[in-house]
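>>> Quick one, structure for this:
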Amino acid sequence: MSIVDSIRADAADLLQTGRAKLVLGYRNRQGRRAPILLTDAAGADQLVYDAECRQNLAAYLRKPEVRQHFPVAVVAAPPAMRSLVMLAAESQIAADSVTVLAVGENEYHGALDLPATAQLLREKYANLALPEELLRRVREIAAMSEEERAAFWTEQFSKCTRCYACRSACPGCYCQWCISKRNVPQWISTADLPHGTYAWNITRAFHHAGRCTLCGACEAACPQGLPLMLLNAHVAECVEKEFGHKTGYDLAEKPLIGSWRTEDDDGFVR
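Model (predicted):
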């Protein structure tokens, strides 16, 4: 049975048995892959899956119209699986509220609960490799002087129109009141001005330090083509190097930001 046929069969079974009231997956829409929300097993034959299915469907779990249908099933590749584990670890979803239709690069792992998903990630996807070209560019930017890096990111962020497509596409952006919308107190200017767009993008990157699963949904959603994964990958490398932390592998993990260990290096304290 092919990967697509297996996903369809499991989706139909989950809906028929009531183990899921909703299945989040992908469908073909005029040659492109778009999300589909299924509540009827008869529609399972609409589900598709291939390399073009890049949107991280875990982002939909914060929407009230989806949450009212819990328990749900989600078609997820390894980065999205990590997002689901991260959301459970941060108490945004209950571990028994989501079934994962877990898809690898060329294989289907079946319908898994979140503990089994976390185990699969640790055993098979502990070292997800980013594209070599992306890593090469990260190293190039890291080798720049502070002034050169500032100029590079100033140029990139000048393209930002504050549409917040990156925020909408990201599973980790679940705050009901985002700092980008608050004006009392106002931490980030809401005006479409250079200092505001720079502050927004840098603040968002720091907010996701130790939480980003490197799914690339933010960059894919950006209509201005900002290279957000350069920033995400660099922050993730720093987090792993300094703290040995990679999110999305343990349902009991504490977020890096807001937690500490007695063995943490405090050499930066002056």
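>>> end to end, how far does stretch 54-69 reach?
Its first and final residues considered, stretch 54-69 spans 23 Å by C-alpha to C-alpha, to the nearest Å.
>>> list the buried ones in it?
Going by neighbour count (16 or more other C-beta atoms under 10 Å), the buried part of stretch 54-69 is 55, 56, 57, 58, 59, 60, 61, 62, 66. (Each C-beta comes from the backbone N, C-alpha and C, glycine too.)
>>> domains of this protein?
Segmentation of the chain into domains, based on automatic domain parsing, reads 3-124, 132-243.
>>> For residue 253, which of those domains is the nearest?
domain 3-124 (5.0 Å; C-beta to C-beta).
>>> For the closest one, what does the pLDDT average out to?
Across domain 3-124, pLDDT averages out at 95.
>>> what do you get for stretch 234-252?
Mean predicted confidence for stretch 234-252 is 91.
>>> Run through who's touching that stretch.
Here stretch 234-252 makes contact (C-beta atoms under 8 Å, 6 or more residues apart in numbering) with 81-86, 88-89, 95, 114-115, 118, 121-122, 126, 138, 141-142, 205-206, 208-214, 253, 255-256, 264-265.
>>> go on, stretch 122-142?
By C-beta under 8 Å, 6+ apart, stretch 122-142 touches 78-79, 81, 104, 149, 152, 214, 227, 229-230, 233-234, 237, 249-250.
>>> for stretch 257-270, same thing?
207, 209, 210, 211, 242, 243.
>>> circling back to that earlier point, buried only: go through the contacts of stretch 234-252 for me.
In the contacts of stretch 234-252, burial by neighbour count holds for 81-86, 88-89, 114, 118, 121, 138, 141, 205, 208-214, 253, 256, counting by 16+ other C-beta under 10 Å.
>>> quick one, helices of the stretch 101-250 of the chain?
For the stretch 101-250 of the chain, applying DSSP state H, counting those that start in this stretch gives helices covering 114-124, 132-142, 146-157, 165-169, 194-207, 217-221, 228-243.
>>> Quick one: the ones you listed as a markdown table, columns for distance to residue 188 too.
Formatted as a markdown table, the helices of the stretch 101-250 of the chain follow (distance: least, C-beta to C-beta, whole Å):
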| stretch | distance to residue 188 |
| --- | --- |
| helix 114-124 | 34 |
| helix 132-142 | 23 |
| helix 146-157 | 12 |
| helix 165-169 | 12 |
| helix 194-207 | 5 |
| helix 217-221 | 17 |
| helix 228-243 | 16 |
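>>> so of these, which one's packed in deepest?
helix 217-221 (a mean of 21; mean count of other C-beta atoms under 10 Å).
>>> sorry, back to before: need the domains of the chain in JSON lines (columns: distance to residue 269).
Output for the domains of the chain, formatted as JSON lines (distance: least, C-beta to C-beta, whole Å):
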{"stretch": "domain 3-124", "distance to residue 269": "27"}
{"stretch": "domain 132-243", "distance to residue 269": "14"}
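>>> how close does residue 190 sit to residue 248?
The gap separating residue 190 from residue 248 is 31 Å, by C-beta to C-beta, to the nearest Å.
>>> So between these two, which is more surrounded?
A direct count of neighbours by other C-beta atoms under 10 Å for residue 190 and residue 248 places residue 248 higher, at 29 against 13.
>>> Can you tell me the element the residue nearest to the more buried one when sequence neighbours are not counted falls in?
Using C-beta to C-beta, 6 or more residues apart in numbering and skipping the chain neighbours, the partner closest in space to residue 248 is residue 82 (2.7 Å). According to DSSP states H and E, residue 82 maps onto helix 78-89.
>>> Tell me what angle that helix forms with helix 114-124.
Interaxial angle, helix 78-89 versus helix 114-124 (axes from the mean of the first three to the mean of the last three C-alpha atoms, to 10 degrees): 130 degrees.
>>> packing partners for helix 78-89?
strand 72-76, strand 98-103, helix 114-124 (3 or more C-beta pairs under 8 Å, 6 or more residues apart in numbering; DSSP states H and E).
>>> Now tabulate those in JSON lines and tack on distance to residue 201.
Converted to JSON lines, the helices and strands packed on helix 78-89 look like this (distance: least, C-beta to C-beta, whole Å):
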{"stretch": "strand 72-76", "distance to residue 201": "27"}
{"stretch": "strand 98-103", "distance to residue 201": "30"}
{"stretch": "helix 114-124", "distance to residue 201": "28"}
